[in-house]
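> here's my sequence, what's the structure:
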Amino acid sequence: MISSNLLRNAIILIAACALSASATAEKRIKTKVIISPTYASRPDAMVLANDIATQHALDPAWVRRTLGQAHRLPVVERLITPAPAGTPKNWALYRSRFIDPVRTRAGVAFWQAQRDTLARAQATYGVPAEIIVGIIGVETIYGQQMGSFKVLDALATLAFDFPAAHPRATQRSQFFAGELGQFLKLTYQGGIDPTSLRGSYAGAMGMPQFMPSSWVKFAVDFDGDGRIDLFNSPADVIGSVANYFKTFGWQSGMPTHYKVSFNPEKRDLEALLLPDILPTFSVASFSAKGAVLDAAGQTHTGPLALVELQNGDQAPSYVAGTENFYVITRYNWSSYYAMSVIDLGQAVKEGMGMGLAKPMPFTRNNSATD
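Numbers count the residues shown, from 1 in each chain. Coordinates of the predicted model:
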């Protein structure tokens, strides 16, 4: 947990960043988002407002007034809706969205500019620089796309109008109601107008796209200036991402995955995929079910999981995921996401070694492609 002073400073910095988004970002939102009526007349919103005020010791009138200003955003409902059942996944296509020359060069520039901080984070938390760089690159292209949705509107929409067609609609709605409460607490303690803050369509904020609860739990003041700023301080972002992974059990020195093939005479794919991506199998039990590890994998001492990456109409790809692979999926519960983070980080690392692109000025803006 962070102190109230750090919370206040964090919110001040968020607000400063959001207010500087300029009229350009505002125009983009107005052309992109259909604004619906506010939640002021919704009884369920006012009930939650009272509950949030009680839970977080906030002024009930302030919470009701603030939540009453939130707008329902139909575009957010569409964006959060999963693809129809039966839609084939395509790892190659998914990967191509994140591993390309533009993002890789931006990663090299970021690593060049933050070399010492990345090394310090790796020494402090045990998380390799390429994993940290991979996360920030996949999330926001190193701060270039941090989101232009009003966080209050996005969180309110997902708390009260989460698409009913989603298979876990009730649970997800409850999750976002909790995030809405955390967000209101942060802004209240910082004395900041909650309607001024912008992020992703899911309410994530800053270069690492932390949800409000993650900001409170995992964000750290890694530049030592007495405040936490995940919008403008690369050091705080780097330290916070590393702390996130360390908190979820990252093990220093452990690979994220190994190459795997199959013995057709022993292969029991159904049993190997049953635990999903949760590492469950010992090397011996993995091998007994027909999975053939590479030389490095055969020396692994912890549990493994068979990770399947579908390739549309083509044969799937497989890797043997370790506990560190599973940790990456705690940031985003997707094996495709985790592999993209790993591959982007590796591409940037190789780019550093090759001298890929000369040093570039590190710039960012608050526009979004949400």
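
> what pLDDT does Leu79 get?
For Leu79, the pLDDT comes out at 94.

> now the one 10 residues further on
At Lys89, the model reports a pLDDT of 90.

> excluding its backbone neighbours, what's nearest it?
Gln310 (4.2 Å; CB to CB, 6 or more residues apart in numbering). Any C-beta I mention is one placed from the backbone N, CA and C, and that applies to glycine too.

> residues contacting the one you found?
Pro88, Lys89, Asn90, Trp91, Pro316 (CB atoms under 8 Å, 6 or more residues apart in numbering).

> what about 10 Å?
Pro88, Lys89, Asn90, Trp91, Ala92, Tyr94, Pro316, Ser317, Tyr336 (CB atoms under 10 Å, 6 or more residues apart in numbering).

> just Tyr318 next, same as before
257, 259-262, 269, 272-273, 291, 306-309.

> could you do Ala121 as well?
Here Ala121 is in contact with 114, 127-129, 132, 220, 222, 235, 237-243, 246 (CB under 10 Å, 6+ apart).

> so where does it fall, helix or strand?
Taking DSSP states H and E as the criterion, the element that holds Ala121 is helix 115-125.

> okay, now Asn90: neighbour count?
Asn90 has 16 neighbouring residues, counting by other CB atoms under 10 Å.

> now do it against Ile80, distance only.
Noted for Asn90: a distance of 21 Å to Ile80, by CB to CB, to the nearest Å.

> do the same with Gly107
28 Å.

> give me the more crowded residue out of those two.
Gly107 (28 against 18).

> residue contacts, the residue nearest to that one when sequence neighbours are not counted?
Nearest in space to Gly107, with sequence neighbours left out and distances taken as CB to CB, 6+ apart, is Val348 at 3.5 Å. Contact analysis of Val348 by CB under 10 Å, 6+ apart lists 99, 103-111, 129-130, 133-134, 137, 142, 356.

> coming back round to it: ranking the contacts of Ala121 by neighbours, who comes first?
Most neighbours among the contacts of Ala121, by other CB under 10 Å: Val237, with 33 neighbours.

> now do the strand or helix carrying that residue, average pLDDT.
Secondary structure assigned from DSSP H and E places Val237 in helix 234-247. Averaging pLDDT along helix 234-247 gives 98.

> likewise for stretch 207-214?
For stretch 207-214, mean pLDDT rounds to 97.
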